[in-house]
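Peer 1: Any chance you could fold what I've pasted below:
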Amino acid sequence: MSSVRVLVGTRKGAFVITSDGARKKWAVEGPHFGGWEIYHMKGSPVDPNRIYASQSSGWHGQVMQRSDDGGKTWAAVDNKFVYEGTIGTHLWYDATPHAWEFKRIWHLEPSLTDPDTVYAGAEDAAMFKTTDGGKSWHELAGLRTHPSGSLWQPGAGGMGLHTILLDPANPGRIYIAISAAGVFRSDDDGATWRPINQGLQSPYVLPDPDAQVGHCVHRIALHPARPETLYMQKHWDVMRSDNGGERWYDVGEGLPSDFGFPIDVHAHEPETVYVVPITSDSEHYPPEGKLRVYRSRTGGHQWEPLTDGLPQSDCYVNVLRDAMCVDRLDSCGVYFGTTGGQVYCSPDGGDHWNAIVRDLPAVVSVEVQTLA
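Peer 2: All right, here's what the predicted structure looks like:
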C-alpha cells in the first residue's frame, strides 16, 4: 500500500510526518535542527530516501542539510553560495541602489531525473545549482545579471527567489518567481532568462501598466500533464497563463480576497486549483477570521469555499507561499501549514480536512513525498 511522508519546515526546526495511504493516523518525528529556521525541505522525485533542507539562523548563517534515509538522519553538505560575475546593485525600497547580498536559500527544487541535481533560489534573488548532491554549488548568473536586474527590489519579506518550476515536457525549461521582480523563464537550463510578466498589473507600486519587471509575485504553479498552463498568486490578483507565461489574465473573481500566498494544482486534475485567501497585504489572516481553502474545478473561472474541518471563527493564522502541496495518491491529498503551527490534510481533494499535527512552531513550508 502506498504511503506519504510530509516534510514540514518551521521557524524552530524540521518535522517529518508519515502515514499510510488512508492518511488517518500520523507519526511525527522531530524536531530536527531544533531552534533553527528551516526555510524549505524537499525530497527527490526519483530517490524516495533523498531529502534536502535549507537551514539558517541569524548567528550561523546558511547551512544545507541532506538526508539519504528518508529524514531519519541528516548530514550538512557544502554551503558555499557565491555570487559569480558582476555583482552590481539592485533597487531598495526607497529606490536607492543596494549591493547584492547573499542571506539564505528560500527554495530547493530537486531534478526530475537525477537525485544529485538540485536548483536553489536565494535571497537576494539568485539561482544556484548543484550536480553532486550538494557538495558544490554554482550560480546560474545569467538570471541575476539580466539587464533588468538593477530594477528588482525586495518585497515585504525580502528579495527572495521563492519558486522554481521544472517543465517535465521541455527539458531545460525552468520557471522562477521573485519578490519583487516577477516571473522569468529559461529554455536552456538556466543559462539565459527572460521576464514573462505581460498582463500583470501593479498600480500601487508600478505606474507603468506595461512594466516588464517589478511585480510582487507570491507563488506560481503548474500541472505536469499541462505545463503550458501556469497559475499565479500575486500581491493582489490570482492569475492564469495558457501559453507558458507569455500572457497572463485574472481569474480571481469570486474569491473573498484575491490576496494570499500559496497556490497549487490537484495531482490528477489540471483544471483544479487551490488558494488560501487572506484579508489584505496589511492584515495577514483569513477574511472574517474563517480559515477557508478555495477550490476551482474550472481553472480559476469559478471558486468554492472548502471549510469542513477548518476553524470558522476567531482564526487569525496565515499560510505562507511554500506551505501548501498535494500528494500523488489516487484520491489526491491536499496539505497546508499555518503560522499557528497546525498542519492540515484533506485526503479527498479538499472536501474534508483534519489537523494531522498541532502546536508546532510557525510553519514556513510543507512538501509531501508519495511513497510506493
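Peer 1: in which helix or strand would I find residue 300?
Peer 2: Under DSSP states H and E, no helix or strand contains residue 300.
Peer 1: So what's the residue count around it?
Peer 2: 23 (other Cβ atoms under 10 Å). In this view, the C-beta of every residue, glycine as well, is placed from N, C-alpha and C.
Peer 1: Okay, it and residue 256: tell me how far apart.
Peer 2: With distances taken as Cβ to Cβ, to the nearest Å, residue 300 is found 15 Å from residue 256.
Peer 1: before we move on, what about residue 273?
Peer 2: Separation of residue 273 from residue 256 (Cβ to Cβ): 16 Å.
Peer 1: between those two, which one's more packed in?
Peer 2: Neighbour count, other Cβ under 10 Å: between residue 273 and residue 256, residue 273 has more, with 27 against 16.
Peer 1: Which residues are in contact with that one?
Peer 2: By Cβ atoms under 8 Å, 6 or more residues apart in numbering, the contact set of residue 273 is 221, 231, 263, 264, 265, 266, 295, 296, 299, 300.
Peer 1: Then residue 21?
Peer 2: So residue 21 contacts 1, 2, 3, 4, 329 (Cβ under 8 Å, 6+ apart).
Peer 1: Not counting its neighbours along the chain, what's nearest the first one?
Peer 2: Spelled out, it's residue 1. Of all residues not flanking residue 1 in the chain, residue 21 sits nearest, at 5.0 Å (Cβ to Cβ, 6 or more residues apart in numbering).
Peer 1: Can you give me the pLDDT of the one you found?
Peer 2: pLDDT recorded at residue 21 is 94.
Peer 1: How about residue 231?
Peer 2: 98.
Peer 1: ok but it is inside a strand, no?
Peer 2: Yes: under DSSP: H, G, I helix; E, B strand; the rest coil, residue 231 sits within a strand.
Peer 1: Count the residues that sit near it.
Peer 2: Residue 231 has 25 nearby residues by other Cβ under 10 Å.
Peer 1: ok, now residue 25?
Peer 2: Using other Cβ under 10 Å, residue 25 has 9 other residues around it.
Peer 1: Hmm, residue 19 and it touching each other?
Peer 2: Yes: at 6.2 Å, residue 25 and residue 19 qualify as touching, with contact defined as Cβ atoms under 8 Å.
Peer 1: I am finished for the moment; much appreciated.
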